Every structure is written in C-alpha cells, then in structure tokens.
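Asker: fold the stuff below for me.
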Amino acid sequence: MKKLLLGSSMLIGAGAVAGSAHASDGIKLEVGGFFNTVYMGVFDKKEGDRFGNHRNTDALQHNAEVYFKGETKLDNGLTIGARIELEGENATDQIDKSFVYWSGDFGKVQIGSQNDALENYCVAAPGGTANFSAFSPTLGWGSNDPLKSNVYCKSADNDSQKLVYTTPKFGGFQLAVSYTPSSNAETYAQDGVNGSGTPANPDGTAHHVVTTYATYAYKGEGWGVQAGAGGSWQLKLNHTPGANDGKASAYQTGANFTVGGFSAGGVFEYRNIGGDDNNSWVAGGGAAYAFDAWKVGVQYSHGWYDSLFSTAAFGEDGHQKLDHVVATVSYAMAPGIILDAEVGYTWYKDTHDTKPDDTDSYNAFSVGIGSALTF
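Answerer: Numbering: from 1, shown residues only. A predicted model of the protein is given here:
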C-alpha cells in the first residue's frame, strides 16, 4: 500500500511539473520560403582565351527555397521548435539546413545542420538589394571573371552538424558562439549524422571548429548604429600528404549608420585558407537612401587573393584582385514582393608573370533586373 501511495505521489508530482511546461496550443507548423528571379546582361570581350569568350551575353537566373518550421511556446516561457530548409533546385544537396532550437530568458540554443555564429550575425554593408550586390549577391553577379564574387561573410566552417548558442541582448550587445565537431557531417549520407559511429575525417577534413561573433545595435531618435565583429577557427585538420593545406581561420567586422532614410557603412574580412600563401581579404562599403516604397543604393568591393588561393598553375609569385561596383534600385510593390535592378562594372587582374595576356585581366559592364518573392 505504501509503495502504491508513493508511486501515486510521484506520478502526481511529475504531472504537476509537466503541466507547468505544457503548451496550450501544441506545435504549429509554418511553411514559407522565397523565389528570386533575374534577367542579366553581361558585356565583355569574347575573343581569344579571354574569360568572356564562348559565354552568352544575357542570362535568366533564379534561386528558390522552401522552409518548414514547427514551433510552440510552453507555459513556462520556453520556446521549442525545429526548422528544415529545402532547396528549390539542387539535386546534390536537396536539404540546405535542418535544426532544432530552444529559446527563453537564457538566450537561444540551436542544434543541427546550419550556419555558424559568424554567418548568422555578420554585419553587411547597405546599398545592395535582394538580388544584386557588389559582394556576394543572391543572384546576378554580372561578370565572367574566375573568382566569381568577393564574399564578405565567409567563415572557416560549413553547414555541418553544429551547436549554436546566442545570448540575450544586454544594453544592445549580443554574443553568438558555435561549435562544429567535424566538417564532414552535414548530410544523412555521411557517417555519424543519422546512424551509428562518429564522422569520418579523411585527409583534408577540418574538425573541432569554433566560431564567435559579437554585435551591438542602438536606435536613437531618427538615427541608429549597428556594428559587429568575430572570428572562426579550425582547431584541427587532417593534413593531406604533399598538399599545401593547414588549419584555416577567418575574421570579419562591419559597421552601419542610419539617419532618417539614409544609411552608410563598410565591412572588412580576412581569411587564412591554411597552408602557405593562401590568404585573402575583402573590403568595401555602400550607401542607400529609402523613401516611400523605393530604395536606391551604391556598393563597392575590393578582393585581394594570394597566389595559391585558387591555382598554382602560374607560379607562386603574384596574386589576384577583383573589384566590383554597382548602383541599385528596388521597389516594394506589396508585402513580400520586391522588384530590383542594377548597373554594374567589374575589373579583375592577375599579377602572375607567366599568366597568358588574354587571361591576366578582365573587365565587364553589366545590367540586370529582378524580382524577389517571399512567402
């Protein structure tokens, strides 16, 4: 009888605790996504061995994604949810990201395949649109240069399974930290993701990757400021015999200022890809002015890439440079519907002494129009 009463008391106590964390409405499913489309014209030289030769003058491009999110808020204030992002057209990696999260007064914890702390919170320069940018646009990079883009928000990590913690905001300050056990654990096809064992670390694989990023934001009467800085470090890497590789790291910072409808700011990023002469850096900025449903802007980026960043085919002495400038305009037709356009110019230079003349420099003029739908 005593055992029965004791068991009953334990069940009642457990029920009381569970009741205090009960979600009155259960988990609600949300479906959303985006669909971006661009028509782009690129005008460059199409002769000899130049990068623009045998490339079309115009192009239609698009990028799409659908996400599924389930979330509930318990009576004790704890929010629990999960999110899965599905690529619109990517047969090699159909699921872009998938993770669960818990948030409350303690901050937010996310576990799964996702961006790291730097990529989630890095500060970007104003002046770009949903489709066009002088850094790493969603679509419509108006150039056939070999470097493709000046990425301003690239860490030493990837979308492999990781833990991300974000603190609450304290006086405008916030800190995010992430940890990735292995860079070879993103999809279900890889070891240690959805099965027994732990991830495999073949030669060239980084593991134990740590990233942190701090932000500050203040909004005054008609003005505001936003700033951020952080870094990403690969603490271990399985060296490939005979290869020029090593542990990589990345550092990024940026700041923006707003006064009324005007905004301006800049960003800087330095990356050490690992090994000798594999460094690169990107710097630039932009400005924008918003009025009614319109926004006009301008952006410029400069990228410097050490000789072995992309190829050692023409010797170790030298580097590559990429500059891109755009003028943009966007119009918000309705909530979730934006039209945008750009005029841009790109110039590229490779300083290797043995680089063929037709491919040691490149320039292009581009124009583009696009639409961005979010749902």
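
Asker: need the contact list for the nearest residue to Trp281 once chain neighbours are set aside.
Answerer: Nearest residue to Trp281, sequence neighbours excluded (C-beta to C-beta, 6 or more residues apart in numbering): Tyr270, at 4.6 Å. Heads up, the C-betas are built off the backbone N, CA and C, glycines and all. If you count contacts by C-beta atoms under 8 Å, 6 or more residues apart in numbering, Tyr270 has them with Ala250, Tyr251, Gln252, Asn279, Ser280, Trp281.

Asker: let me see the contact set for the spatially closest residue to Tyr152 that is not a sequence neighbour.
Answerer: Of all residues not flanking Tyr152 in the chain, Phe135 sits nearest, at 4.3 Å (C-beta to C-beta, 6+ apart). Residues near Phe135 by C-beta under 8 Å, 6+ apart: 124-125, 128, 149-153, 267, 282, 284, 299, 301, 324.

Asker: isn't there a helix covering Phe135?
Answerer: No: counting by DSSP: H, G, I helix; E, B strand; the rest coil, one finds Phe135 to be coil, located in no helix.

Asker: quick one: it and Gln226, what's the gap?
Answerer: Distance of Phe135 to Gln226, computed by C-beta to C-beta, to the nearest Å: 17 Å.

Asker: where's Gln110 relative to Gly265, distance?
Answerer: For Gln110, the distance to Gly265 - C-beta to C-beta - is 27 Å.

Asker: what's the answer for Thr374, then?
Answerer: 24 Å.

Asker: CA atoms of stretch 232-246 as CSV?
Answerer: Extracted as CSV, the C-alpha positions of stretch 232-246 are listed here (Å, rounded to 0.1, in the frame of the first residue of the first chain):
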residue,chain,number,x,y,z
SER,A,232,36.2,31.4,-36.9
TRP,A,233,39.0,28.9,-36.2
GLN,A,234,39.6,25.3,-37.3
LEU,A,235,41.3,23.8,-34.3
LYS,A,236,42.3,20.6,-36.0
LEU,A,237,42.8,19.5,-39.6
ASN,A,238,43.9,16.1,-41.1
HIS,A,239,46.8,17.2,-43.3
THR,A,240,46.9,15.8,-46.8
PRO,A,241,50.5,14.5,-47.5
GLY,A,242,52.2,16.7,-50.1
ALA,A,243,49.4,19.3,-50.2
ASN,A,244,49.7,22.9,-49.3
ASP,A,245,47.0,22.9,-46.6
GLY,A,246,46.5,23.7,-43.0
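
Asker: renumber starting at 50 from here on
Answerer: Noted, 50 is the first residue going forward, which turns the last one into stretch 281-295.

Asker: and the contacts of that stretch?
Answerer: Looking at what lies outside stretch 281-295 - C-beta under 8 Å, 6+ apart - the contacts are 165-167, 204-206, 232, 250-261, 296-300, 323-327, 357, 361.

Asker: flag every buried residue along it.
Answerer: Ser281, Trp282, Gln283, Leu286, Asp294, Gly295 (16 or more other C-beta atoms under 10 Å).

Asker: just the strands in the stretch 250-399 of the chain please.
Answerer: 255-268, 272-286, 298-308, 311-321, 328-340, 343-355, 368-383, 386-399 (DSSP state E, counting those that start in this stretch).

Asker: can you tell me the average pLDDT over the fourth one?
Answerer: By that I understand strand 311-321. Averaged over strand 311-321, pLDDT sits at 96.

Asker: now do the buried residues in it.
Answerer: Ser312, Ala313, Gly314, Gly315, Val316, Phe317, Glu318, Tyr319, Arg320, Asn321.

Asker: can you pull out the helices in this structure?
Answerer: 51-69, 166-170 (DSSP state H).

Asker: what residue ranges in this protein score low on pLDDT?
Answerer: 50-73, 139-142, 189, 356-366, 402-407 (pLDDT under 70).

Asker: list the contacts of the residue nearest the centre of the chain.
Answerer: Nearest residue to the geometric centre of the chain (C-alpha atoms, centre = their mean): Glu168, 4.6 Å. Counting by C-beta under 8 Å, 6+ apart, Glu168 touches Cys202, Lys203, Ser204, Asp206.
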